[in-house]
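**Q** Here is my input; please provide its structure:
(one chain, ligands or ions: 1)
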Amino acid sequence: MGISRELLLWGSKNPWLLNHVPKYKFVKKAVKRFMPGEDLDDAITAAKDFQQKGIPTVFTRLGENITDLKDADEVTNHYLDVLDKISKNNVESEISLKLTQIGLDLSFEKSLENFKSITEKAESLNNFTWIDMEGSPYTSTTLDFYKRIKENYQNSGICLQAYLKRTEKDLKDLLTIKPSIRLVKGAYSESNNIAFEKKNDVDKNYYKLAEIMLNEIRDNKLRIAFATHDINLINKITEAAVKLNVPKDKLEFQMLYGIKTSEQLRLVKEGYKLKVLISYGSAWYPWYMRRLAERPANVGFVIRNIFQ
Ligand code: FDA
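**A** Predicted coordinates:
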């Protein structure tokens, strides 16, 4: 892990920076590159635009580690409202959320109750709910949570992180319950005891996990979304899919709003499924710092905004 990535990830958790950085106008301006706006309506407008280009979306309201269960209720009600608005506006959008946003730090059972109400509504509207994967202290709990959900609800999926050494075992374990999985590289600061440190090793593990998943997509009709902007990896996955006879329309990729837009359009044109995750909300600071850490050169973009 390079020093800049480490520094930015440290900054993402620093309370002083959290209180001060979001107030600067030039930072607010720079954030717009990764989100269409702070309101749900901004996300809906952007989603309609994507939809016209044949790209469905996933909505996530930024926020994590809430410290009061009242806030968890507010977030839950917000997502219930989002599901209604998606349906009323005829936008092809799913939702994705963090379990610590609906109270996981405070009560497992209460957050489970919150998630159940969201996913129940999603199922009634023929929609789908994704569970984000947060830092490693939450990995086991998030997996247990998902298994509990899958006992009664099918339209939900979980994110797995290729940088964690445990993920191959977690994946094989999950396959017994016919999961829906979004595979990412991983965005948090993790120790090299539990996570691959070098990009090359993370990429190798991503591909290894992808190969396991490709066989499963073909044989078990699982839903697997490869969430990455890494074009080399995407090309390797599409080539492997041809060899394994996995049809194009069974391959799903996901990318973030504002990143590799031309590649998003290319994949759709070539016949692959692709969804764009749109974030919105005012609690963007830790999320934005993680986006900067993914590509420290992005900091230059923030600095350029000071002078514009
Ligand atoms: P990599 O970091 O190698 O990037 C490949 C290329 O993409 C770069 O060379 C660059 O060109 C471009 N790129 C990537 N990130 C960029 C950025 N921020 N700005 C500009 N260019 C960039 N993580 C997690 O831990 N838990 C989660 O729940 C999720 N959820 C999630 C959903 C979706 C839909 C996506 C796409 C990603 C996530 N992530 C995530 C984030 C993920 O773990 C990872 O940090 C980012 O996707 C960046 O990794 P890549 O796979 O793109 O590869």
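**Q** who in the stretch 51-200 of the chain is up against the ligand?
**A** Within the stretch 51-200 of the chain, the residues that sit near the ligand (C-beta under 6 Å from any ligand atom) are 132, 133, 159, 161, 184, 185, 186, 187, 188. Using the backbone N, CA and C atoms, a C-beta is placed for each residue, glycine as well.
**Q** what packs against the lengthiest helix in the chain?
**A** Longest helix in the chain, counting residues (DSSP state H): helix 199-220. In terms of contacts (3 or more C-beta pairs under 8 Å, 6 or more residues apart in numbering; DSSP states H and E), helix 199-220 is packed against helix 167-174, strand 180-184, strand 223-227, helix 231-243.
**Q** Tabulate those in a markdown table, adding columns for mean neighbour count.
**A** A markdown table is the format used below for the helices and strands packed on helix 199-220 (neighbours: other C-beta atoms under 10 Å):
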| stretch | mean neighbour count |
| --- | --- |
| helix 167-174 | 16 |
| strand 180-184 | 22 |
| strand 223-227 | 22 |
| helix 231-243 | 15 |
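**Q** Save these as a markdown table, and put in mean pLDDT and distance to residue 144 too.
**A** What follows is these, written out as a markdown table (pLDDT from 0 to 100; distance: least, C-beta to C-beta, whole Å):
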| stretch | mean pLDDT | distance to residue 144 |
| --- | --- | --- |
| helix 167-174 | 97 | 11 |
| strand 180-184 | 98 | 16 |
| strand 223-227 | 96 | 21 |
| helix 231-243 | 97 | 29 |
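**Q** Redo these as TSV? Include distance to residue 285.
**A** Converted to TSV, the helices and strands packed on helix 199-220 look like this (distance: least, C-beta to C-beta, whole Å):
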stretch	distance to residue 285
helix 167-174	27
strand 180-184	20
strand 223-227	22
helix 231-243	29
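**Q** And the closest residue to residue 237 other than its chain neighbours, how close does it get to the ligand?
**A** In space, and not counting its chain neighbours, residue 237 is closest to residue 210: 5.1 Å by C-beta to C-beta, 6 or more residues apart in numbering. Look at residue 210 and the ligand: by C-beta to the nearest ligand atom, to the nearest Å, they are 11 Å apart.
**Q** Show the pLDDT at residue 210.
**A** Residue 210 carries a pLDDT value of 97.
**Q** burial of it, as a residue count?
**A** 21 (other C-beta atoms under 10 Å).
**Q** still on that earlier bit, run through who's touching the longest helix of the chain.
**A** Here helix 199-220 makes contact (C-beta atoms under 8 Å, 6 or more residues apart in numbering) with 160, 162-163, 165, 167-168, 171-172, 175, 178, 181, 183, 185-186, 196, 222, 224, 226, 228, 230, 232-233, 236-237, 240-241, 244-246, 250-251.
**Q** buried stuff in it?
**A** For helix 199-220, a neighbour-count test (16 or more other C-beta atoms under 10 Å) marks 202, 203, 205, 206, 207, 209, 210, 213, 214, 216, 217 as buried.
**Q** do the same with stretch 124-132
**A** Of all the residues in stretch 124-132, those buried under the rule 16+ other C-beta under 10 Å are 127, 128, 129, 130, 131, 132.
**Q** mind listing what the third one touches?
**A** By C-beta under 8 Å, 6+ apart, residue 129 lies in contact with 94, 95, 96, 97, 115, 118, 119, 122, 155, 156, 157.
**Q** Would you tell me which one of these comes nearest to the ligand?
**A** Ranked by distance to the ligand (C-beta to the nearest ligand atom), the contacts of residue 129 are led by residue 96 at 6.9 Å.
**Q** so when I look at residue 278, I'm seeing a strand, right?
**A** Yes. According to DSSP: H, G, I helix; E, B strand; the rest coil, residue 278 belongs to a strand.
**Q** then the helix or strand where residue 268 lies to CSV, C-alphas only?
**A** Secondary structure assignment for residue 268, by DSSP states H and E: helix 261-269. Extracted in CSV, the C-alpha atoms of helix 261-269 (Å, rounded to 0.1, in the frame of the first residue of the first chain):
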residue,chain,number,x,y,z
THR,A,261,-17.9,6.4,-18.4
SER,A,262,-16.8,5.6,-22.0
GLU,A,263,-16.1,2.0,-20.9
GLN,A,264,-19.6,1.7,-19.4
LEU,A,265,-21.1,2.6,-22.8
ARG,A,266,-18.7,0.3,-24.6
LEU,A,267,-19.7,-2.7,-22.5
VAL,A,268,-23.4,-2.0,-23.0
LYS,A,269,-22.9,-1.7,-26.7
